[in-house]
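Trainee: Any chance you can model this:
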Amino acid sequence: MMEARNQRLGTFAETIVGGERVRAYVPASLPPDPPLKLSDLMHVYERAVAAVGRLDNVTTILPSMPLFLYMYVRKEALLSSQIEGTQSSLSDLLLFESDEAPTVELDDVTEVSNYVAAIEHGVKRIRGGFPLSLRLIREMHAIILKSGRGATKQPGEFRRSQNWIGGTRPGNALFVPPPPHLLNDCLDAFERFLHEDDRGLPPLIRAGLAHVQFETIHPFLDGNGRLGRLLITLILVDAGILREPILYLSLFLKSRRDDYYRLLQEVRQVGAWEAWMEFYLTGVAEAAEQASETARALIAMFDKHRREIGALGRSAPSVLRVHELLQARPVVTIQTVVETLQVSFPTARGALERLVALQIVRETTGKQRDRIYAYTDYLDLLDRGTEPLPV
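Mentor: Have a look, this model is predicted:
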């Protein structure tokens, strides 16, 4: 008697690429069949749900939520881009956005800046009532690749040629996604899954399934990893699980990159969805817990520094204004302060020097002119885990 085929597994389609015959993988539609054994995942699922709920509540008590979100989104963009090989740092991104010269290759920091813009675009569209759809995914892809190294990789367009993961060609690749002529069928099924909410699967589970499926379809020539990771957060915002786009898994995935890629392959090879889901839910829980801790640490730090500035006496009001600006822009020049706060050059310089004396701010250039000041404690909190990966 023949053993029944595992319905969770896709099929292979033979295609010719560069003169050689290649077997491309076409995934089975979601949700998995047989269904996920959710009872085996309840311990980690409940931890993840509780952590996400606490994080969502933090967003309601943060006195400067827009400022925290501004910086946290940039940290995610940086980490997600680092997984793809960029060498930019958070300070580099802030220098770039302040029209100052970053310390790395411009393409690296441009890619991170594009990612920030894509996040903001996606969330704005969803809040405006636009559905999470292939069209929105293409819009965001166009933004991610609008400049930098990806600008030649068909921004905003699904691929019309065969791509692959690992190896020098499809014939020796680690994984070959669906061939172009089957891509539309895969994407149509994927979009239907995004829109179906009557299968009894919670949004957190749906997001984990969707991420793997998107990476397996690999519908673009470039940017699939960054967009696939962003998709997790967008699904949760779309479902109302998160009020703000503040949950990101890139730090967890960066630190466990080998496990991440291995588990994606095991889903494709043996249908190991439960192993992936346990890993993913652990990542969600850790990411949410870390984000909550960071938010609370920032609240405490801002309060401490405000009290120190308040003890300055007559100069305190102007220094407090500069401190408030630094919460939104942790890397500034004297001219930035002058233009943003509409104060005189001596006032801006004096306030920054008082912040240096309090060891709240550090001057980073060592020069007499064109000085750059950094809110170092703020950057240090957000910089945790953002060291570029080895080349």
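
Trainee: surely residue 44 meets residue 285?
Mentor: Yes. Between residue 44 and residue 285 there is a contact at 6.9 Å, judged by CB atoms under 8 Å. For the C-beta atoms, the positions are set from N, CA and C on the backbone; glycine is no exception.

Trainee: Can you list the residue ranges for helices in the stretch 201-350 of the chain?
Mentor: Under the criterion DSSP state H, counting those that start in this stretch, helices of the stretch 201-350 of the chain are mapped to 203-217, 224-238, 250-255, 257-270, 273-310, 316-328, 334-341, 345-357.

Trainee: With mean pLDDT, mean neighbour count and distance to residue 175 added, can I get those in CSV?
Mentor: Formatted as CSV, the helices of the stretch 201-350 of the chain follow (pLDDT from 0 to 100; neighbours: other CB atoms under 10 Å; distance: least, CB to CB, whole Å):
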stretch, mean pLDDT, mean neighbour count, distance to residue 175
helix 203-217, 97, 22, 8
helix 224-238, 91, 23, 12
helix 250-255, 83, 20, 17
helix 257-270, 95, 16, 7
helix 273-310, 92, 19, 15
helix 316-328, 91, 19, 42
helix 334-341, 92, 17, 46
helix 345-357, 95, 18, 51
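
Trainee: Out of these, the one nearest residue 51 is which?
Mentor: Counting by CB to CB, residue 51 lies closest to helix 273-310 out of these; the figure is 3.7 Å.

Trainee: Compute the inter-axis angle for the closest one and helix 224-238.
Mentor: Inter-element angle recorded for helix 273-310 and helix 224-238: 80 degrees (by axes from the mean of the first three to the mean of the last three CA atoms, to 10 degrees).

Trainee: Between helix 203-217 and helix 273-310, find me the angle.
Mentor: Using the same axes, to 10 degrees, the direction of helix 273-310 lies 110 degrees away from that of helix 203-217.

Trainee: my guess is residue 345 contacts residue 333, does it?
Mentor: No. Between residue 345 and residue 333 there is no contact under CB under 8 Å: 11.0 Å.

Trainee: residues making contact with stretch 27-46?
Mentor: 7-11, 178, 186, 189-190, 192-193, 199, 201-202, 204-205, 209-210, 213, 216-217, 268, 271, 273-274, 277-278, 281-282, 285 (CB atoms under 8 Å, 6 or more residues apart in numbering).

Trainee: ditto for stretch 342-354
Mentor: 309, 312, 315, 318-319, 321-322, 332, 334-335, 337-338, 341, 361, 363, 373.

Trainee: what's near enough to touch residue 202?
Mentor: Counting by CB under 8 Å, 6+ apart, residue 202 has contacts 45, 49.

Trainee: Quick check on it: phi, psi?
Mentor: phi -60, psi 150 (degrees, to the nearest 10).

Trainee: how far away is it from residue 175?
Mentor: Distance of residue 202 to residue 175, computed by CB to CB, to the nearest Å: 28 Å.

Trainee: now swap in residue 362 and tell me
Mentor: From residue 362 over to residue 175 the distance is 45 Å, taken as CB to CB.

Trainee: and those two? which has more neighbours close in?
Mentor: residue 175 (20 against 14; other CB atoms under 10 Å).

Trainee: Next up, the contacts around the residue lying closest to residue 239 once chain neighbours are set aside.
Mentor: Distances taken as CB to CB, 6 or more residues apart in numbering put residue 203 closest to residue 239, at 3.7 Å, once the chain neighbours are dropped. The contact partners of residue 203, taken as CB under 8 Å, 6+ apart, are 235-236, 239, 241.

Trainee: How is the protein partitioned into domains?
Mentor: Listed by automatic domain parsing, the domain ranges of the chain are 11-294, 311-383.

Trainee: Out of the ones you listed, which is closest to residue 301?
Mentor: Using CB to CB, the domains of the chain put domain 311-383 closest to residue 301, at 5.7 Å.

Trainee: Measure how far the closest one is from the centre of its chain, please.
Mentor: Centroid separation for domain 311-383 versus its chain: 29 Å, with CA atoms, centre = their mean, to the nearest Å.

Trainee: again with stretch 136-147
Mentor: 14 Å.

Trainee: Now tell me what touches that stretch from outside.
Mentor: With CB under 8 Å, 6+ apart, stretch 136-147 has contacts from 110-111, 114-115, 117-118, 121-122, 125-126, 130, 150-151, 153-158, 220, 222-223, 226-227, 230-231.

Trainee: doesn't residue 22 fall inside a helix?
Mentor: No. Per DSSP: H, G, I helix; E, B strand; the rest coil, residue 22 lies outside any helix segment and is strand.

Trainee: How about it: what's its closest non-neighbour residue?
Mentor: Nearest to residue 22 is residue 170, by CB to CB, 6+ apart, at 4.3 Å.

Trainee: Run a quick neighbour tally on that neighbour.
Mentor: Residue 170 has 23 nearby residues by other CB under 10 Å.

Trainee: show me what contacts it?
Mentor: The contact partners of residue 170, taken as CB under 8 Å, 6+ apart, are 17-18, 20, 22, 24, 162, 164, 176.

Trainee: And the furthest pair within the residues you listed?
Mentor: Distance extremes for the contacts of residue 170: the farthest pair is 18 and 24 at 13.2 Å, using CB to CB.

Trainee: Compare neighbour counts for these two and give me the winner.
Mentor: It is residue 24, of residue 18 and residue 24, that has more neighbours when counted by other CB under 10 Å, with 23 against 9.

Trainee: list the contacts for that one?
Mentor: Contacts of residue 24 by CB under 8 Å, 6+ apart are 12-15, 162, 170, 176-179, 182.
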